[in-house]
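Enquirer: 3D model of this:
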Amino acid sequence: MLELVKAGGWPMIPLLLLAVLALAIVVERFWSLRRKEILPPGLGEEVRRWAASANLEDTHIESLRQTSPLGALLAAALDVRHRSRDVVRERIEDTGRHLVHRMERFLNTLGTIAAAGPLLGLLGTVVGMIQMFLGILDHGLGDVNQLAGGIGKALVCTATGMLVAIPALIFHRYFRGKITGYVVEMEQQAMALSDALEVRNAAAPRQYD
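Expert: As a prediction, the model looks like this:
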């Protein structure tokens, strides 16, 4: 392994750094995007029971906001529970955009690694080929086997770039799909809460001046 790194030359250093960074992002996203951290089981039903009661305190809503992204979305709906359905929906959509941005943290970096890995690997190969042909220009062709070995060494960077980029691209797409699935479920829970709030508001006695 060390010989391959040496054969690739200096472009192998940024490639290895990108590999370490990509691994760190993948591990962090797997930990942060656990289902129970995003969509705690039973939370939506519990909040709908809160909405059906008249005992909704600001402290409860604030504690709900801190539990999870789903809790933050439902808390945003509860903040405007006395307003019209359109206002509740608008608040849910605004909050949802912020939550998606938070859940997609580091994914742009992972996508950049997936795009930059092959280019950096190709750069290393081109640099290696240039150095090899400059050597031929100065010292002649020499041994054909040695030339083939030099070409093989130059291609090490391209192979390394692919090895970095392919897993990064796979995990980038995987996490994007996972977040999309979470967003759909969060929207379903938020709309169910919106329905419950509408029923509650319709049942509440009107106050006249």
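Enquirer: CA atoms for contacts and neighbours, from now on please.
Expert: Will do.
Enquirer: now stretch 151-162 - C-alpha only, CSV.
Expert: Extracted C-alpha coordinates of stretch 151-162, given in CSV (Å, rounded to 0.1, in the frame of the first residue of the first chain):
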residue,chain,number,x,y,z
ILE,A,151,2.7,4.0,-17.0
GLY,A,152,1.1,1.6,-14.4
LYS,A,153,2.4,3.7,-11.6
ALA,A,154,1.0,6.9,-13.2
LEU,A,155,-2.5,5.2,-13.4
VAL,A,156,-2.4,4.6,-9.6
CYS,A,157,-3.8,8.1,-9.1
THR,A,158,-6.7,7.6,-11.4
ALA,A,159,-7.6,4.3,-9.7
THR,A,160,-7.4,6.0,-6.3
GLY,A,161,-9.6,8.9,-7.4
MET,A,162,-12.2,6.4,-8.5
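Enquirer: could you number the chain from 333 rather than 1 from now on?
Expert: Sure, I'll start numbering at 333, so the last one becomes stretch 483-494.
Enquirer: residues making contact with it?
Expert: Applying C-alpha atoms under 8 Å, 6 or more residues apart in numbering, the external contacts of stretch 483-494 come out as 336, 339-340, 343-344, 347, 449-461, 464.
Enquirer: check contacts around Leu347.
Expert: Residues in contact with Leu347, defined by C-alpha under 8 Å, 6+ apart, are 449, 452-453, 492-493, 496.
Enquirer: same thing with Gly376?
Expert: Contacts of Gly376 (C-alpha under 8 Å, 6+ apart): 406, 521-522, 525.
Enquirer: would you mind measuring from it to Glu422?
Expert: Gly376 is 19 Å from Glu422, where distance means C-alpha to C-alpha, to the nearest Å.
Enquirer: measure how buried Thr457 is and give me the count.
Expert: Using other C-alpha atoms under 10 Å, Thr457 has 24 other residues around it.
Enquirer: ok, it to Leu349 distance?
Expert: Distance from Thr457 to Leu349, by C-alpha to C-alpha: 18 Å.
Enquirer: longest helix anywhere in this protein?
Expert: Counting by DSSP state H, the longest helix found in the chain is helix 488-535.
Enquirer: for this structure, which segments count as helices?
Expert: Using DSSP H, the helices of the chain run over residues 334-340, 344-364, 367-370, 375-384, 390-397, 401-411, 417-435, 439-471, 476-486, 488-535.
Enquirer: quick one: these as JSON lines, columns for mean pLDDT too.
Expert: Formatted as JSON lines, those follow (pLDDT from 0 to 100):
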{"stretch": "helix 334-340", "mean pLDDT": "64"}
{"stretch": "helix 344-364", "mean pLDDT": "94"}
{"stretch": "helix 367-370", "mean pLDDT": "93"}
{"stretch": "helix 375-384", "mean pLDDT": "84"}
{"stretch": "helix 390-397", "mean pLDDT": "86"}
{"stretch": "helix 401-411", "mean pLDDT": "91"}
{"stretch": "helix 417-435", "mean pLDDT": "90"}
{"stretch": "helix 439-471", "mean pLDDT": "83"}
{"stretch": "helix 476-486", "mean pLDDT": "63"}
{"stretch": "helix 488-535", "mean pLDDT": "89"}
